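>>> Fold the stuff below for me.
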Amino acid sequence: MTICCLSFATVNADDDVKVVISTSKSTNYALYPAITGVFLRLDTRDGTIQAIVPSNPKKNRVLNAEPLALDKKPGRFEMYPTDSSWVWVLFDSETGNMWNVNWSAKGDVLSKIPVTEAAY
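Below is the predicted model of the structure:
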């Protein structure tokens, strides 16, 4: 018998939107509410992302089809909201790498955020 225990963290993305981020590292996928009617579905194993519109599946689209990791470790990637509904931070908890995920009707951009180690 296997017992799975999940815990959740709540982050305020906007004044009226609460984002619940699973802190369980055993999930293959995480679903993030982005703006009214749209969800971002993250494959936590490789960093691929889809925009899902449940009310109109024809509008579903892939935001990032290129896997960022090949080891398929569940829970490796996480997403965090910014102060813009159209920009999220994709985080690789294994390496510490981060990407800006900019998505809109005009086009989608995934750009790596350079991180410099602090000198002590």
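>>> Please make it C-alpha for all contacts and neighbour counts, starting now.
Fine.
>>> Any idea what the one residue sitting closest to the centre of the chain is bridged to?
Nearest to the mean C-alpha position of the chain, by Cα atoms, centre = their mean, lies Met79 at 3.1 Å. Met79 forms beta bridges with Leu90, as assigned by DSSP bridges.
>>> Verify the stated contact: Arg61 with Arg41.
No - counting by Cα atoms under 8 Å, Arg61 does not reach Arg41; the two are 10.4 Å apart.
>>> neighbour count winner among those two?
More crowded of Arg61 and Arg41, by other Cα atoms under 10 Å: Arg41, with 20 against 14.
>>> What number of residues are in the vicinity of Asp71?
9.
>>> For it, give me its contacts.
Applying Cα atoms under 8 Å, 6 or more residues apart in numbering, we find Asp71 in contact with 45-46.
>>> secondary structure class for it?
coil (DSSP: H, G, I helix; E, B strand; the rest coil).
>>> Cheers, nothing more for now.
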